[in-house]
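Q: Kindly return the folded structure for what I paste below:
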Amino acid sequence: MAKRPILIIPDPVLRRVAEPVTSVDARIKALADDMLETMYAAPGIGLAAPQIGVLERLIVLDVATGEDAEPAPMVLVNPEIVASSEETSVYEEGCLSIPDYTEEVERPARVTVRFLDRDGAEQTVEADGLLATCLQHEIDHLNGILFIDYLSRLKRDRVVKKFTKQAKLGAA
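A: Numbers count the residues shown, from 1 in each chain. Sure thing, here's the model as predicted:
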């Protein structure tokens, strides 16, 4: 397992659509392990492969929160939202690719997601609460969508401008 660098906006890779994984093999399992290590070290509750520069449809997450919570890592290969509720909920979201910035985002309150697990078996999960929000957030990453895309144009432009400026200063 190895911790990988996380891409930060405005990196163009974050806006690209990831390709489907064709086989859940040793390489994908090793990538998932690297992603979990990277996510826990950040620390975060979800990470999509494009965030570490890999344009494949793979996400990892662990929404077990609190000091006494037992880790509950999930690996989802080729995740796809197959149903979502009309009812919505609002969560304050953040993103490892947009550090130190959070904003309230409204999304469907419940989703059903179909995916392949770590062993390549097809699974379905019905989620609500934080898990539903996290699944939607990470699946968005696979489609080149960031949580700031749900904000007003003014807020989004401010955030992008701030990180673009930081990137230029860091490269100088």
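
Q: CA only for contacts and neighbour counts going forward, please
A: Noted.

Q: Now for the nearest residue to residue 167 once chain neighbours are set aside: which residues touch it?
A: Distances taken as CA to CA, 6 or more residues apart in numbering put residue 10 closest to residue 167, at 7.8 Å, once the chain neighbours are dropped. Applying CA atoms under 8 Å, 6 or more residues apart in numbering to residue 10 gives the contacts 160, 163, 164, 167.

Q: Let me have these in TSV, adding distance to residue 70 and secondary structure as columns.
A: Formatted as TSV, these follow (distance: CA to CA, whole Å; DSSP: H, G, I helix; E, B strand; the rest coil):
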residue	distance to residue 70	secondary structure
160	36	helix
163	35	helix
164	38	helix
167	37	helix
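
Q: Only the buried subset of those, as a PyMOL command please.
A: Buried members of the contacts of residue 10, defined by 16 or more other CA atoms under 10 Å, are picked up in PyMOL with:
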select buried, resi 163+164
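
Q: what's the closest non-adjacent residue to the most centrally placed residue in the chain?
A: With distances taken as CA atoms, centre = their mean, residue 138 lies nearest the centre of the chain, 2.7 Å away. Leaving out its chain neighbours, the residue that sits closest to residue 138 by CA to CA, 6+ apart is residue 48, at 5.6 Å.

Q: Isn't the one you found up against residue 142?
A: Yes. Using CA atoms under 8 Å, residue 48 is in contact with residue 142, at 6.8 Å.
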